[in-house]
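K.L.:
Below are the sequence and a predicted model for it; my questions follow.
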Amino acid sequence: MNDIVFAGECSDVGEHRHKGCEIICASSDGSMISAGVEYFYKEGDVIIIPRQAMHANAAGELCVRMENTLLPINCACVISGEGAGDIRWACMRARACFLKDMPKKQVVLDGLGGLLRALIAAYCGGNDYSPAVKGVLAEIERGLSDVTFSLENYMRGLPLNYDYVRKLFKKEVGLTPLEYLTAARMSRAREIMLSGMTNRFSKYTVSQIAEMCGFAEPLYFSRVFKKYYGISPTEYIEKNK
């Protein structure tokens, strides 16, 4: 869930929003308004903008945009000091990789996306979720590769109102629990395909990948994957050999 779709210099200066999150590396002191709140930053700081958050930024700043990335923040975050330095380094590597043609480019970008997500979670708090939402996230993580896992049954069994938990999850995470589960499973499938993992004798088949990602029906897995990434699993594997 760490698809880097852009890494370079910011060109959007007016108010705008992105489908995914945006990481902005400040080259000078300034301020930014996001969701009606003004955030002040210094040269060298890093600003994290969550998905779909309205904001405006200065042209010329180094920025990285990631889609299908779920961060433990629901508002903009300014990171300074050592944390900002670590994130800036990863952003610079992402830009260098994004701008050149290289073998296994998507694999490297995915790895850098995962590193950026971990750094942001470490330096931006990571404790913004309520106990109920943390519980759902943990259960989803446990059930990712289980074809018998039923998110619906789990949530119906909670000692809390189903609709309340669903709305709370959507408010804090930005996706419904089912959307989050689907995104996580699609990300896992993509990682398996890009890694070239084998079952000792040959590369995993689409049916095997589907089962590893919690799908009992390979055909349904293929439909979801194509809807999510725009091409079928077979085409995706062939494209990223």
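P.N.:
Thanks, I have it.
K.L.:
drop to CA atoms for contacts and neighbour counts, all remaining ones
P.N.:
OK.
K.L.:
Excluding chain neighbours, what is closest to L178?
P.N.:
L151 (7.3 Å; C-alpha to C-alpha, 6 or more residues apart in numbering).
K.L.:
got the contact list for the one you found?
P.N.:
Shown in contact with L151 (C-alpha atoms under 8 Å, 6 or more residues apart in numbering): I140, P177, L178.
K.L.:
cutoff 10 Å now
P.N.:
Residues near L151 by C-alpha atoms under 10 Å, 6 or more residues apart in numbering: V136, E139, I140, G143, G157, P177, L178, L181.
K.L.:
Show the buried residues in those residues.
P.N.:
By neighbour count, with 16 or more other C-alpha atoms under 10 Å, the contacts of L151 hold V136, E139, I140, G143, P177, L181 as buried.
K.L.:
how far away is the last one from L144?
P.N.:
Look at L181 and L144: by C-alpha to C-alpha, to the nearest Å, they are 7 Å apart.
K.L.:
any residues in contact with both of those two?
P.N.:
Residues touching both L181 and L144 (C-alpha under 10 Å, 6+ apart) are G214.
K.L.:
How about the helix or strand encompassing V108, which residues are buried there?
P.N.:
Secondary structure from DSSP states H and E places V108 in helix 105-123. The neighbour-count check on helix 105-123 (16+ other C-alpha under 10 Å) flags 106-117, 119-121, 123 as buried.
K.L.:
what's the domain layout of this structure?
P.N.:
3-123, 131-239 (automatic domain parsing).
K.L.:
how about the strands of the chain, start to end?
P.N.:
For the chain, the strands defined by DSSP state E occupy 3-9, 21-25, 30-34, 37-41, 46-49, 62-67, 77-79.
K.L.:
Among the ones you listed, which comes closest to F221?
P.N.:
strand 3-9 (19.5 Å; C-alpha to C-alpha).
K.L.:
ok so, going back, would a markdown table of the strands of the chain with mean neighbour count, distance to Y162 and mean pLDDT be doable?
P.N.:
Compiled in a markdown table, these are given as follows (neighbours: other C-alpha atoms under 10 Å; distance: least, C-alpha to C-alpha, whole Å; pLDDT from 0 to 100):
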| stretch | mean neighbour count | distance to Y162 | mean pLDDT |
| --- | --- | --- | --- |
| strand 3-9 | 19 | 31 | 89 |
| strand 21-25 | 26 | 28 | 92 |
| strand 30-34 | 16 | 31 | 85 |
| strand 37-41 | 14 | 32 | 88 |
| strand 46-49 | 24 | 29 | 92 |
| strand 62-67 | 24 | 28 | 91 |
| strand 77-79 | 19 | 30 | 91 |
